[in-house]
Structures are given as structure tokens and as C-alpha cells.
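Peer 1: what follows is a predicted protein model with its sequence.
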Amino acid sequence: MLELSILGFLAAGPLPGHELRRRITHLTGYSRPVSDGTLYPAINRLTKAGLIQRRPAPEAGGGRYVLNLTDAGREDMLRRLREPAEHELTDFPRWFTILAFLSLLPDLADQHAVLRRRLAFLEESASFFYDGETPLRAEEVADPYRRGMLLTARATSQAERAWIRESLGQDAPEPGPTRAPHTSSPLDASAS
């Protein structure tokens, strides 16, 4: 997702490396800061692949450069947005990276196809905790902290599903029985 973030931010225009790192850090949050040791190898990979270019920044003087997205880089970014891997739709931080740049897809139908895939994932029944193969609902968990996790996950999932349906122009479904939250990581939980 670091590479998608680099391509996505460069789609708006050239940036120096330090500004790119600042924007990525704001997107991913300070709990997941992007170090130079992570960012610059990714920049080098993308440069070698012809997806971005480094150009000297004459106004900055000695050794400074700006990064530019190439046409091949734009196509690669659009492909990554149009066809995210399953784990990129189910892992909350990865999903947020896709969501941050999804509007760069020029075709609304492509944007909606990605949202429908996320919605399908959110509507599956799952939980952080199970009784055998049965996902447990918050009301079935005695531990107050685990119950808090499940209630928070449920609220987050309900809000996201409502937003996706609104974005797709769908009516919300009739209220029904509450299912257990679906999660793929502690940061990604949903509830029906």
C-alpha cells in the first residue's frame, strides 16, 4: 500500500521526497510512521520500474529532487485501484489507502465495483471471538473489554455499510437481526 500511496499522491503533481513522506504519514497515522528506510527503497523500486521519475529541484539546490508520476505510473495506479487484491479490501488500513485515492478512477462504475466488493465483505458474518465455528456477538461475551471491541466494531461496520450504500445509491436494508461483527484484523471489524 506504500507504493499505491506514493503513486496516488504524485497523481496530484510532483513532490519532493520529504513532502511525500509527510503526506503518507498523515494518511497512515502517526502510529504507523513511514521511515526513510521504508520510503526510499519503495521510491527506488518505482523509479526502476519506470512508474515515477526523479528530477533535480533547481530551486532547492544540491542533491534535492522532486518525484513525478509517469504515464506508466498513472496506469499502474489506476489498475491497483480498479483491481485491489482481496486482502486490500478486508484489511482496514489497506482499505483506507484505497479509499483515499479511489476518486482518481475516472469511471464511476469502476469506483462502485470496488465499493460493492467491500460491502460484500462487510456483510459476511464473522467475529473476533468464536464458540467453535459460531461467531460470537457482543451480547454473548461476558468480558467487558471484549464486548467493547465487538460493540465498537459493530458501530464502525454499520456506519461504513450505510455510507457505502448511500454512495452506491442503494436504500438501506430493512433492520433485521444483528449478526456478529466480521473482522480480518483487530482494526477491521464489521457487524450486521
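Peer 2: Sure, I can see it.
Peer 1: element containing Leu67?
Peer 2: Using DSSP states H and E, Leu67 maps to strand 65-69.
Peer 1: for that strand, packing partners?
Peer 2: Other helices and strands packing on strand 65-69, by 3 or more C-beta pairs under 8 Å, 6 or more residues apart in numbering; DSSP states H and E, are helix 2-10, strand 15-16, helix 17-28, strand 52-56. C-beta: built from backbone N, CA, C; applies to glycine.
Peer 1: immediately after it, which helix or strand?
Peer 2: Per DSSP H and E, the helix or strand that comes after strand 65-69 is helix 71-82.
Peer 1: extract the CA atoms of the helix or strand following that next one and return them as CSV.
Peer 2: Next helix or strand after helix 71-82 toward the C-terminus (DSSP H and E): helix 86-90. Provided in CSV are the C-alpha atoms of helix 86-90 (Å, rounded to 0.1, in the frame of the first residue of the first chain):
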residue,chain,number,x,y,z
GLU,A,86,-8.9,-9.4,-1.6
HIS,A,87,-6.7,-8.7,1.4
GLU,A,88,-6.6,-5.0,0.4
LEU,A,89,-10.4,-4.9,0.8
THR,A,90,-10.5,-6.7,4.1
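Peer 1: got the contact list for helix 86-90?
Peer 2: With contact meaning C-beta atoms under 8 Å, 6 or more residues apart in numbering, helix 86-90 is reached by 1, 94-95, 97-98, 114, 117-118, 121, 184, 188.
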